[in-house]
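Visitor: Sequence and predicted structure, then a few things I'm wondering about:
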Amino acid sequence: MFQAKTKNLKNFSTSAERFEGANLLCPGCAHSIIVREVLNATNDNLILAASTGCLEVCTAVYPHTSWDASWIHIGFENGSSAVAGAEAMYKALKNKGRLKQPDRTPKFVAFGGDGATYDIGFQWISGCFERGHDMMYVCLDNEVYANTGGQRSSSTPIGASATTTPAGRISYGEKQNKKDIMAIMAAHGAPYVAQVAPNKWKDMVAKIQKGFATEGPVFINAMSACTTEWKFAPEDTIAISDLATDSLVFPLYEIIDGTKLNITYRPKNVIPVRDYLGAQGRFKHLFTKQNEYLIDEWQARVDAKWEQLQRREEACL
Amino acid sequence: MVENGWDTFEIGTILRPFEGPASDVANILPEDRSYTKSNSFSVSVADWRIEKPLFNKEHCIDCQFCWIYCPDMSIISRDKKMIGIDYDHCKGCGICVEVCPTTPKSLLMFPEQKDEEAALSEWPKKEKKEAKEN
Ligand SMILES: Cc1ncc(C[n+]2csc(CCOP(=O)(O)OP(=O)(O)O)c2C)c(N)n1
Ligand code: SF4
Ligand code: SF4
Ligand code: SF4
Ligand SMILES: [Mg+2]
């Protein structure tokens, strides 16, 4: 039924939202666009959790909730385990014949920021994937600890100015490369791991539906352009996201059963990484004589990654 | 629930977004839902805006780009048609205007206090059409 719903955007626009307005996310925040695309991808009941971070803090400010579904928050590190626990309990009750509507299995989804995913909640997620819960984990990857004022995470890319890695006279900002979370999650042998971006809504919704149809743990890394920390105007969230996907800084692909890799979006015109960097305040210091070499290094890294993904795809392993 | 302050509610309190059972929400449109005061839908963020988007139906092709990319569920689409803006929940980010593909745009930002009729009368005209008429 919902496959027909997403055949095209007009059909999809008949969705009845289960995420509500007057939450406190910044104007133009991509977290919200991602959540809408995930929730609208199914009509099934939902059991949701969120780890501490912008999404959680801004959508559950007592006495209000922005969630039209069962939703739980415990801590920064354990959105994944909260949902895994609910899923395990659901299975147990089903086995005991104690469910009122045993044929209406809900979708179990946990949301967490990159801080919660790449760093602080990592071992909990790893545990969930190792135990093999039937759940989806969605990382809202804005490459920074946004909710607490923009500290670097292990997702922050080289050269970005963050509050704990500020660019200045003696530093060009973040020095470590972004962690390859996709490879790490695939290495768990997860049945489905995919990278998505909300500006490519059709690709994203197709992957979410594929994830929902998959039995076992599913990992989704969703690029979330952050107007506040990436430093661009709020109306440009989609434009910036387009620059990210079309420069291949954020390639869209999936990994099935830990090995088989498919690239799902090949831009017709690949644009220079420089255009993506130049559109954001967090990289503005790279456009100086002393730092410009970093832009070339950026381009070389993106080219190498794209080459590697294509090789992996061809290899069919 | 809403009556209890943040320092008086009991641990384990559940905030209910709807009156009564709510298992079929995915098939119920907002106008047919019974939202509680605990649902953020019942609150307005209109005062966040300095500028607001206005909609000119005349140019709209119902592509739904504004609907999919609005972060705040504030583009009202019914039966595959864009019919208006929810000014209680729109934060004035301007994304809908940026993604609108028509020329002239079917959505434009105006100062919050701008009169809608005045804005519509000043709307940029379709250039090609004018050229033909001349
Ligand atoms: C164990 C623990 N450490 C630190 C914090 C403080 N804290 C709350 S939100 C947050 C940042 C969240 O960053 P991320 O997960 O990337 O989500 P974002 O806000 O960027 O969406 C931090 C550090 C906390 N709540 N719990
Ligand atoms: S700081 Fe960034 S991620 Fe957080 S609410 Fe604002 S735009 Fe969204
Ligand atoms: S200005 Fe932003 S919040 Fe308001 S309707 Fe447009 S996209 Fe939605
Ligand atoms: S983006 Fe513009 S043309 Fe498309 S539905 Fe919205 S207002 Fe109409
Ligand atoms: Mg983050």
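Guide: Perfect, thanks for sending it. Residues are numbered from 1 along each chain as shown, chains lettered A, B, ... in the order given. Ligands and ions are numbered 1, 2, ... in the order given.

Visitor: Now chain B against chain A: closest residue?
Guide: In chain B, the residue that lies nearest chain A is B:His89 (2.7 Å; C-beta to the nearest C-beta). Bear in mind the C-beta positions are built from the backbone N, C-alpha and C, glycine included.

Visitor: count of residues packed around that residue?
Guide: Counted by other C-beta atoms under 10 Å in any protein chain shown, the residues lying close to B:His89 total 21.

Visitor: what does the model give the spatially closest residue to it that is not a sequence neighbour for pLDDT?
Guide: Counting by C-beta to C-beta, 6 or more residues apart in numbering or on different chains, A:Gly21 is the residue found nearest to B:His89 once chain neighbours are left out, at 2.7 Å. At A:Gly21 the predicted local distance difference test score is 98.

Visitor: just the one 5 residues further on next, same as before
Guide: According to the prediction, A:Cys26 has pLDDT 98.

Visitor: quick check, it in a helix?
Guide: No. Checked against DSSP: H, G, I helix; E, B strand; the rest coil, A:Cys26 lies outside a helix; its state is coil.

Visitor: and the closest residue to it other than its chain neighbours, helix, strand or coil?
Guide: The shortest distance from A:Cys26 to any non-neighbouring residue, by C-beta to C-beta, 6+ apart, is to A:Thr228 (5.4 Å). What three-state DSSP gives for A:Thr228 is helix.

Visitor: With A:Phe283 instead?
Guide: Following three-state DSSP, A:Phe283 is assigned to helix.

Visitor: repeat for A:Gln310
Guide: Recorded secondary structure, A:Gln310: helix (three-state DSSP).

Visitor: just the strands in the chain please.
Guide: Just so you know, I chose chain A. Listed in chain order, the strands of chain A (DSSP state E) span A:46-50, A:70-72, A:107-113, A:136-141, A:192-196, A:218-223, A:253-256, A:260-263.

Visitor: look at chain B instead
Guide: Using DSSP E, strands in chain B cover B:51-55, B:75-78, B:81-85, B:107-111.

Visitor: can you tell me how far A:Ile220 sits from ligand 2?
Guide: 17 Å (C-beta to the nearest ligand atom, to the nearest Å).

Visitor: Point me to the residue of the stretch 101-250 of chain A nearest chain B.
Guide: For the stretch 101-250 of chain A, C-beta to the nearest C-beta, closest residue to chain B: A:Glu235, 3.2 Å.

Visitor: for chain A, that is, sorry about that
Guide: Chain A approaches chain B most closely through A:Gly21 (2.7 Å), counting by C-beta to the nearest C-beta.

Visitor: ok so, going back, touching, the residue nearest to B:His89 and A:Ser66? I think so.
Guide: Yes. Counting by C-beta atoms under 8 Å, A:Gly21 touches A:Ser66, with 7.5 Å between them.

Visitor: what is in contact with these two at once?
Guide: Residues touching both A:Gly21 and A:Ser66 (C-beta atoms under 8 Å, 6 or more residues apart in numbering or on different chains): B:Ser40, B:Phe41.

Visitor: What segments of chain B are helices?
Guide: B:65-69, B:95-99, B:116-121, B:127-133 (DSSP state H).

Visitor: Among these, single out whichever gets nearest to ligand 4.
Guide: Shortest distance between ligand 4 and the helices of chain B, using C-beta to the nearest ligand atom, is found for helix B:65-69: 3.3 Å.

Visitor: Provide the contact partners of that closest one at residue level.
Guide: The contact list for helix B:65-69 (C-beta under 8 Å, 6+ apart) reads A:9, A:12-13, A:33, A:36-37, A:198-199, A:201, A:237-238, B:75, B:77, B:82, B:95-96, B:99-101, B:107.

Visitor: For it, the averaged confidence score.
Guide: If you average the pLDDT values across helix B:65-69, you get 98.

Visitor: who touches B:Pro124 in this structure?
Guide: Applying C-beta under 8 Å, 6+ apart, we find B:Pro124 in contact with B:Pro104, B:Lys105.

Visitor: Next one: it, what pLDDT does it get?
Guide: We note a pLDDT of 97 for B:Pro124 in this prediction.

Visitor: which bits of the stretch 151-300 of chain A sit near ligand 3?
Guide: Counting by C-beta under 6 Å from any ligand atom, the stretch 151-300 of chain A comes close to ligand 3 at no residue.

Visitor: Could you break chain B into its assigned domains?
Guide: Using automatic domain parsing, the domain ranges for chain B come out as B:13-43, B:44-121.

Visitor: so how many other residues sit close to the closest residue to B:Val43 other than its chain neighbours?
Guide: Distances taken as C-beta to C-beta, 6+ apart place A:Ala22 nearest to B:Val43, at 4.1 Å, with adjacent residues excluded. The tally of other residues near A:Ala22 (other C-beta under 10 Å) stands at 24.

Visitor: How much space separates A:Ala22 from ligand 2?
Guide: With distances taken as C-beta to the nearest ligand atom, A:Ala22 is found 14 Å from ligand 2.

Visitor: next one: A:His285
Guide: 20 Å.

Visitor: how close does that residue sit to A:Phe232?
Guide: According to C-beta to C-beta, to the nearest Å, A:His285 and A:Phe232 sit 15 Å apart.

Visitor: Up against ligand 4, what does chain B have?
Guide: Proximity of chain B to ligand 4, by C-beta under 6 Å from any ligand atom, involves residues B:60-66, B:82, B:99-100, B:102, B:106-107.

Visitor: If you rank those by neighbours, which is first?
Guide: Within these, B:Cys66 tops the neighbour count with 26 neighbours, counted by other C-beta under 10 Å.

Visitor: Could you find the closest non-adjacent residue to that residue?
Guide: Closest residue to B:Cys66 apart from its sequence neighbours, by C-beta to C-beta, 6+ apart: B:Cys96 at 3.8 Å.

Visitor: Please consider this matter closed, and thank you.
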